[in-house]
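**Student:** Provided below are the primary sequence and the corresponding predicted coordinates.
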Amino acid sequence: MFTDLEDLHESNDFLNLLLDNITAAVLIADGGGRIHRFNRSFLDLFDSPQRDPTETRFGEAMRCRYHGEEGRPCGETTHCGNCVLRQTLVETLTKDVPVDRQPLTREFFRGGQASTRHLELSTRKLAFKGRDMVLVIIHDVTGEVTQREELERKSRQINDDLAAAAGIQRNLLPKDRLDLDSVRLAWRFRPSGQIGGDFFNFHCPDHERLGLYMLDVCGHGVSAAFMATTASQFLLSRQGIMGRGGGVRAPASVLNSLEAAFPFERFGSYMTIACATLELGEGKFTYACAGHPPPILIEADGSVSPLSHHGPIIGLGAAQGFTEDEILLRDGDRVVLYTDGILDTRSPDGEFFGEERLIEVLTAHDGRSVQDTADGVWEAVQTFGRRRRPEDDVSILVLEYGRIG
């Protein structure tokens with residue numbers, strides 16, 4: 001059975017052992033900043049020159065940069081009037097206002113060189129040796145702050161890279177409106193992120209034939225955008241819609257070339273595409289689809305109907321090759337190409353926008369310009385999704401054929 005004195009001795013030994021094994025620096029200081037008690041972590045954290053800094057002012061014991069550079073005692077340097085640590089101690093002591101993990105960034109000499117330390121400061125007023133003093137607990141969070149700053153720097157770099165990639169992607173989309181005597185084109189494009197996997201473009205080498213496509217790479221983000229950009233450049237090459245001699249290639253031939261150039265085994269992704277040509281003189285519209293929503297035909301009399309020709313997704317290895325279909329457009333007829341990001345837009349209740357609603361919007365815009373129609377579809381999709389950022393890329397291209405009087 002221990003006596004009270006023995007119990008107290010054991011208690012003090014336990015507290016000292018506990019304090020010396022706490023990773024945070026712990027000290028007791030008076031209003032003048034003199035240290036009266038400390039733990040081992042305090043010495044380790046600040047590389048204190050005194051192994052017993054009792055009665056030493058904390059700026060000297062903590063190797064404050066200003067004390068070291070100016071050679072003045074703590075409390076008398078040019079920076080002491082702005083010292084957050086000193087102000088916190090005084091406020092805790094005079095107003096009995098505790099502080100919990102207040103951030104503090106200061107420069108201290110460590111290993112003979114000035115280094116910035118990021119600290120978190122907690123204080124409590126207490127009575128020690130018959131006097132009012134302040135218990136100070138200092139957590140060194142330099143590692144965490146440095147890591148967070150590095151992550152933020154990398155995040156900014158990634159965002160800058162994505163912004164640059166988005167600019168490149170925008171430059172690969174059509175730059176000018178096509179407004180010939182016999183055809184008008186308008187479009188809207190919105191990626192789900194900074195960059196997207198949708199691409200579309202057209203090629204009109206003369207006033208006789210027009211080639212165009214709407215491409216959608218499965219997935220989102222950088223990998224989808226990279227593949228979409230690569231495929232788009234391919235489609236505007238001589239193996240794509242341009243053809244040899246500056247002409248326009250047949251849609252089925254374009255899709256067969258695309259399938260050969262972008263096998264799943266090589267790129268690890270699929271893509272869908274609607275590709276078409278239009279003979280501007282006679283109005284023959286020839287199209288082929290690879291896993292893509294077929295174009296929608298809006299006839300001059302206002303009737304709206306999806307075209308029906310389908311084909312497998314690019315990347316699956318179309319054993320029989322792609323085929324195409326054709327229709328004859330009359331003056332005032334329109335054809336709409338789009339990606340499934342429109343159909344798959346969901347309301348807050350989880351309902352899909354769907355093909356039926358798209359047809360209703362297109363019908364409601366009968367008689368409006370092609371740009372008004374494209375904008376109207378985009379606005380309807382935005383409203384339906386309550387203007388949240390779309391989950392998938394959204395693209396629509398509206399073509400109107402014929403001389404409109």
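**Tutor:** Ah, there it is.
**Student:** For the stretch 101-250 of the chain, just list every one of the strands.
**Tutor:** Taking DSSP state E, counting those that start in this stretch as the criterion, the stretch 101-250 of the chain carries its strands at 113-128, 131-140, 183-190, 198-203, 209-217.
**Student:** out of those strands, deepest packed?
**Tutor:** Ranked by mean neighbour count under mean count of other CB atoms under 10 Å, these are led by strand 209-217, which reaches a mean of 26. In this view, the C-beta of every residue, glycine as well, is placed from N, C-alpha and C.
**Student:** The strands of the stretch 101-250 of the chain into TSV, with extra columns for mean pLDDT and distance to L297?
**Tutor:** As requested, the strands of the stretch 101-250 of the chain are exported to TSV (pLDDT from 0 to 100; distance: least, CB to CB, whole Å):
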stretch	mean pLDDT	distance to L297
strand 113-128	88	65
strand 131-140	91	69
strand 183-190	90	15
strand 198-203	86	18
strand 209-217	91	15
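**Student:** can you put those in TSV and add distance to L307?
**Tutor:** Putting the strands of the stretch 101-250 of the chain into TSV (distance: least, CB to CB, whole Å) gives the following:
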stretch	distance to L307
strand 113-128	63
strand 131-140	67
strand 183-190	18
strand 198-203	17
strand 209-217	13
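**Student:** of all these, which lies closest to G332?
**Tutor:** strand 183-190 (11.1 Å; CB to CB).
**Student:** Point out where the stretch 201-350 of the chain drops to low pLDDT.
**Tutor:** Counting by pLDDT under 70, the stretch 201-350 of the chain shows low-confidence ranges at 220-221, 243-246, 319.
**Student:** Contact partners for L278?
**Tutor:** Neighbouring residues of L278 by CB atoms under 8 Å, 6 or more residues apart in numbering: V183, R209, L210, L212, K284, F285, T286, L329, L399, Y401.
**Student:** closest to T277 among these?
**Tutor:** T286 (5.0 Å).
**Student:** check contacts around K129.
**Tutor:** Applying CB under 8 Å, 6+ apart, the residues contacting K129 are H36.
**Student:** quick one: the top helix by length along the chain to strand 198-203, angle?
**Tutor:** Of all the elements of type helix in the chain, the one with the most residues (DSSP state H) is helix 142-172. Orientation of helix 142-172 against strand 198-203 (axes from the mean of the first three to the mean of the last three CA atoms, to 10 degrees) gives an angle of 30 degrees.
**Student:** Strand 113-128 and helix 142-172, what's the angle between them?
**Tutor:** Using the same axes, to 10 degrees, helix 142-172 lies at 130 degrees relative to strand 113-128.
**Student:** starting at the chain centroid, how far to helix 142-172?
**Tutor:** For helix 142-172, the separation from the chain centroid amounts to 9 Å (computed by CA atoms, centre = their mean, to the nearest Å).
**Student:** ok, now stretch 328-347?
**Tutor:** For stretch 328-347, the distance to the chain centre is 29 Å (CA atoms, centre = their mean).
**Student:** which of the residues in it are buried?
**Tutor:** For stretch 328-347, burial by neighbour count (16 or more other CB atoms under 10 Å) applies to 329, 332-343, 345-346.
**Student:** What of stretch 71-84?
**Tutor:** Buried residues in stretch 71-84 (16+ other CB under 10 Å): R72, C74, G75, T77, H79, C80, C83.
**Student:** which residue packs closest to the last one, ignoring adjacent ones?
**Tutor:** By the measure of CB to CB, 6 or more residues apart in numbering, the closest residue to C83 outside its immediate chain neighbours is G59, 7.5 Å from it.
**Student:** pretty sure the one you found contacts C80?
**Tutor:** Yes: G59 is within contact range of C80, at 7.4 Å (criterion: CB atoms under 8 Å).
**Student:** Pull up the overlap in contacts between these two.
**Tutor:** In contact with both G59 and C80: Y66, C74, R86, using CB under 8 Å, 6+ apart.
**Student:** With respect to D393, which of those is nearest?
**Tutor:** Of these, the one sitting nearest to D393 (CB to CB) turns out to be Y66, at 55.9 Å.
**Student:** Going by neighbour count, which residues of the helix or strand harbouring that closest one are buried?
**Tutor:** In the assignment (DSSP states H and E), Y66 maps to helix 65-70. By neighbour count on 16+ other CB under 10 Å, the buried set for helix 65-70 is R65, Y66, H67, G68.
**Student:** follow-up on the earlier one: and the buried residues of stretch 71-84, which two are the farthest apart?
**Tutor:** R72 and C83, at 12.7 Å, using CB to CB across these.
**Student:** residue boundaries of the helices in the stretch 1-150 of the chain?
**Tutor:** 4-20, 40-46, 58-61, 65-70, 84-95, 142-172 (DSSP state H, counting those that start in this stretch).
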